[in-house]
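[1] any chance you could fold what I've pasted below:
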Amino acid sequence: MVVPPALKSKKFLMYWIGHLISFTGSQMQLWSLYWQVRTLTDKPLSISAIGIARFLPLLMLSLLAGVVADHYNRRKVTILTQFAQAVAALILGFATAAGIVSLWMLFGLVVIQSVAVTFDIPARQALIPALVPKEDLPSAYSVSSIATKVGGIVGPSLAGFVIVILGIEWAYWLNAISFFAVIIALIAMGHVETEIEKQPMEPKSALTDIQAGIDFILKSPIILSAMLMDFFAAFFSSANTLLPFVATDILHVGPIQYGWLSAGQSIGTLLVALYLSQKRDIQRQGKIIVLSLVAMGFSTILFGVSTSFWITMFALILIGVFDGLSTIIRNTVRQLQTPDVMRGRMMSITQIFFKGGPQLGEVESGLVAQIFSVPFAIISGGIGCVVAAWAVHKKYPQLWEFNGDEEVKNEIAS
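    Here you go, the predicted structure:
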């Protein structure tokens with residue numbers, strides 16, 4: 001295996017290392033948070049509340065965040081958002097250590113972090129094309145996915161050990177420290193050239209800019225259908241947030257095994273990301289996106305019916321394989337078909353789908369699990385994945401025919 005082309009860029013390499021460390025900390029905090037919620041209540045409905053707390057800032061501020069990313073220095077915006085998340089993590093750790101944490105305090109701090117994340121993602125994702133040559137962009141998103149999934153393996157795995165050995169507050173404190181890896185990398189890389197000159201955002205033009213971003217997406221059938229796949233994949237397969245209940249009530253395992261289960265999906269995505277990071281020419285991209293969502297649905301059904309630790313682990317790895325396969329392709333298609341002047345707004349709309357999907361999925365899975373049962377919530381989500389793939393395929397047949405080498409820019413710019 002050779003070094004992926006994107007990592008030959010010094011600035012991208014610094015960003016990638018910082019992102020890897022930061023995301024590891026974020027995943028350690030997220031799965032520790034779910035475990036802490038389970039220690040405070042035995043009601044699956046609490047997962048729905050976490051989903052709402054994460055989704056509302058996204059829904060209310062995402063479009064504005066895209067305009068900010070297209071008008072202000074994306075590197076500086078990312079530094080500010082990373083710092084804000086670090087402060088929230090510190091507060092959460094101190095509240096837990098002092099024994100004053102409550103569900104409502106958790107929800108409030110999750111909202112604060114979600115506001116920062118909402119502004120962070122468009123700026124950070126739109127920054128990547130300025131760090132590597134255009135031909136290396138697929139490699140950049142593949143290795144970014146590798147960093148995300150390595151973090152998604154190491155973070156949850158560490159969460160189990162940290163909870164048992166140090167205490168849950170240390171998961172939050174270590175996460176706060178991890179954000180400075182990105183901050184240091186962004187400061188060290190210095191000025192980043194983009195294709196557009198940043199201009200201060202005028203309030204009167206913000207709505208016009210937001211409308212332009214929406215119009216761009218609506219006139220882009222390939223990007224729009226890929227976004228819908230993003231949403232439904234995340235929405236119906238978000239029942240892995242019920243893992244604290246699966247671990248304790250169905251599999252009867254402790255925090256360490258729970259940590260490995262939480263990492264299962266990321267293990268699968270890492271495997272496929274390592275493979276795709278070496279590829280430059282992927283054919284039949286549309287078919288891969290659709291069929292991956294179908295396979296993801298069946299893997300989720302297996303997860304729901306399992307009462308064995310190892311079968312559950314295998315199902316979660318499969319979910320990660322198929323989710324990663326389609327996600328990497330969708331990310332590459334969107335960025336290559338979007339001009340730099342529009343990338344922040346495109347990513348802000350996209351994050352409503354790929355971030356809003358799992359957060360609304362948490363609400364749905366928690367409600368269904370509360371009314372029926374945890375296995376029913378997971379199995380019904382898998383069925384929903386399959387149905388959604390069929391529905392989007394029927395609505396946008398051009399996605400199925402999309403190969404990856406078409407001149408999509410001309411189609412979506414019209």
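
[2] how about the strands in this protein?
    Counting by DSSP state E, the chain forms no strands at all.

[3] need the longest helix for it.
    helix 10-40 (DSSP state H).

[4] chain center to it: distance?
    11 Å (CA atoms, centre = their mean, to the nearest Å).

[5] what helices or strands is that helix leaning on?
    helix 45-71, helix 74-97, helix 103-127, helix 137-165, helix 168-189, helix 243-245, helix 255-276 (3 or more CB pairs under 8 Å, 6 or more residues apart in numbering; DSSP states H and E). For the C-beta atoms, the positions are set from N, CA and C on the backbone; glycine is no exception.

[6] can you pull the buried residues of it?
    11-38 (16 or more other CB atoms under 10 Å).

[7] quick one, what contacts the spatially closest residue to Ile301 that is not a sequence neighbour?
    Spatial nearest neighbour of Ile301, chain neighbours left out: Gly382 (3.6 Å); criterion: CB to CB, 6 or more residues apart in numbering. For Gly382, the contact set (CB atoms under 8 Å, 6 or more residues apart in numbering) comprises Phe236, Ser237, Gly297, Phe298, Ser299, Thr300, Ile301, Leu302, Phe303, Gly304.

[8] least confident pick among the residues you listed?
    pLDDT across the contacts of Gly382 is lowest for Ser237, at 72.

[9] quick one: it and Met296 touch, right?
    Yes - using CB atoms under 8 Å, Ser237 is in contact with Met296, at 5.8 Å.

[10] list residues touching both of those two?
    Ile319, Asp323, Cys385.

[11] show me where pLDDT drops low in the stretch 201-350 of the chain?
    201-207, 238-239, 277-283, 332-337, 339-344, 347-348, 350 (pLDDT under 70).

[12] switch the cut-off to 90
    201-249, 253-294, 296-297, 320-350 (pLDDT under 90).

[13] what's the closest of the contacts of Gly382 to Asp215?
    Set against Asp215, the nearest of the contacts of Gly382 by CB to CB is Phe236 (28.5 Å).

[14] residue contacts, the closest one?
    Phe236 neighbours (CB under 8 Å, 6+ apart): Gly297, Thr300, Gly361, Gly381, Gly382, Gly384, Cys385, Ala388.

[15] and if you look at Ile163?
    Ser32, Trp35, Ala171, Pro255.

[16] quick one: residues contacting the nearest residue to the second one once chain neighbours are set aside.
    So the one you mean is Trp35. Spatial nearest neighbour of Trp35, chain neighbours left out: Pro244 (5.5 Å); criterion: CB to CB, 6+ apart. Contact analysis of Pro244 by CB under 8 Å, 6+ apart lists Tyr34, Trp35, Val37, Arg38, Tyr258.

[17] wait, doesn't the third one sit right on Leu103?
    So the one you mean is Val37. Yes - using CB under 8 Å, Val37 is in contact with Leu103, at 7.1 Å.

[18] distance of the nearest residue to Phe402 once chain neighbours are set aside from Lys395?
    Counting by CB to CB, 6+ apart, Phe402 lies nearest to Gly286, which is 3.4 Å off, once chain neighbours are set aside. Computed as CB to CB, to the nearest Å, the Gly286 to Lys395 distance reads 13 Å.

[19] who has more neighbours, the two?
    Gly286 (24 against 12; other CB atoms under 10 Å).

[20] isn't that one right up against Tyr396?
    No - between Gly286 and Tyr396 there is no contact under CB under 8 Å: 9.1 Å.

[21] any shared contact partners between these two?
    Going by CB under 8 Å, 6+ apart, residues that sit against Gly286 and also against Tyr396 are Ile222.

[22] circling back: from the contacts of Phe236, which is closest to Val182?
    Val182 has its nearest neighbour among the contacts of Phe236 in Gly361, at 26.6 Å by CB to CB.

[23] top of the contacts of Phe236 by neighbour count?
    Neighbour-wise, these (other CB under 10 Å) top out at Thr300, 30 neighbours.

[24] now do the contacts for that residue.
    Counted by CB under 8 Å, 6+ apart, Thr300 has contacts Phe236, Ser237, Ala239, Ala315, Ile319, Ile378, Ile379, Gly381, Gly382, Cys385.

[25] tell me the spacing between it and Ile289.
    For Thr300 relative to Ile289 (CB to CB), the value is 17 Å.

[26] now do the contacts for Gly366.
    Neighbours of Gly366 in contact, by CB under 8 Å, 6+ apart: Pro44, Leu45, Ser46, Ile47, Ser48, Ala49, Gly51, Thr241, Leu242, Ala377.

[27] ok, and the closest non-adjacent residue to Thr81?
    Asp120 (3.6 Å).

[28] quick check: the one you found touching Ala86?
    No - Asp120 is not in contact with Ala86 according to CB under 8 Å; the separation is 11.7 Å.

[29] hmm, back to that, in a markdown table: the contacts of Pro244, plus distance to Leu7.
    Output for the contacts of Pro244, formatted as a markdown table (distance: CB to CB, whole Å):
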| residue | distance to Leu7 |
| --- | --- |
| Tyr34 | 32 |
| Trp35 | 34 |
| Val37 | 37 |
| Arg38 | 38 |
| Tyr258 | 33 |
